[in-house]
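Participant: Sequence plus the predicted model coming up.
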Amino acid sequence: MGNVAPNYYGLRALAEESTIFVAPNGLNAGWANSGESDITFVDQILAQVQDALCVDETQRFATGFSYGGAMSNALACARPNIWRAVSVIAGAQLSGCSGGTTPVAYLGIHGVIDSVLPISRGHELRDRFLRLNSCAAQNAPEPSGGSNTHMKTKYSCRKGFPVWWIAHGGDHVAEHRGCRRRKLAFPSTYGATYHASCAAAW
């Protein structure tokens, strides 16, 4: 992972040595997934990691920001039985969605004034998982733009396939602390998502 991804998401420190992190670079410096090429790429990475290390195959998670979030969504669509959950941060359907008919636990995070991928694009992804995961209709309040706050909605869904939605008052950012370094999601959100001992509860 180098020194970038651990500091960017803050996940390694949270994991307390319980997790194997893999942070690949997408083909052609992105995640266009043309012809499912990036899905194949991730399949090959998984095979290599599982051959080399002791992996709990029931506890695999994918997360990403922007294009990476789009790719995490594509993985949920194409390989729903591989991933325990996906987290899409400021993402949209940019990398395709081959399949997309099987439930997968989902966490979406998006800024209400996202100037790159409007929050409506995040709503589209969230709403598809709400349908797939048989979630009850529920109001999801969102903060005003520039408010330096966030609002989290936990939907009531099919057991084992939760959907969480976090809207924050910021722009197109991955920083989990949000505007002016206010905590946006850690530790409770990502702790439940990525710490292996908590995954079942999430």
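Facilitator: That came through, no problem. Numbers count the residues shown, from 1 in each chain.

Participant: phi, psi of the nearest residue to residue 160 once chain neighbours are set aside?
Facilitator: Setting aside the residues directly before and after it, residue 160 is nearest to residue 105 in space (Cβ to Cβ, 6 or more residues apart in numbering), at 7.2 Å. For every residue, glycine as well, the C-beta is placed using N, CA and C. The phi/psi pair for residue 105 (degrees, to the nearest 10) reads phi -60, psi 140.

Participant: now swap in residue 31 and tell me
Facilitator: phi -130, psi 50.

Participant: Nearest residue to it in space, please, no chain neighbours.
Facilitator: residue 71 (3.7 Å).

Participant: three-state assignment of that neighbour?
Facilitator: Of the three states, residue 71 takes helix under DSSP: H, G, I helix; E, B strand; the rest coil.

Participant: Look at it and say how many residues are nearby.
Facilitator: 29 (other Cβ atoms under 10 Å).

Participant: need the helices for the protein, in chain order.
Facilitator: Using DSSP state H, the helices of the chain run over 4-9, 11-15, 37-52, 67-78, 119-132, 188-194.

Participant: And the average pLDDT for the first one is what?
Facilitator: Spelled out, it's helix 4-9. Averaged across helix 4-9, pLDDT comes to 56.

Participant: wait, what's in contact with the residue sitting nearest the centre point of the chain?
Facilitator: Computing the C-alpha centroid of the chain and ranking residues by Cα atoms, centre = their mean puts residue 87 first, at 1.1 Å. Neighbouring residues of residue 87 by Cβ atoms under 8 Å, 6 or more residues apart in numbering: 61, 62, 63, 64, 69, 72, 106, 107, 108, 109, 190, 193.

Participant: how near is the fourth one to residue 57?
Facilitator: Note on residue 64: its distance to residue 57, by Cβ to Cβ, to the nearest Å, is 20 Å.

Participant: That'll do, ta.
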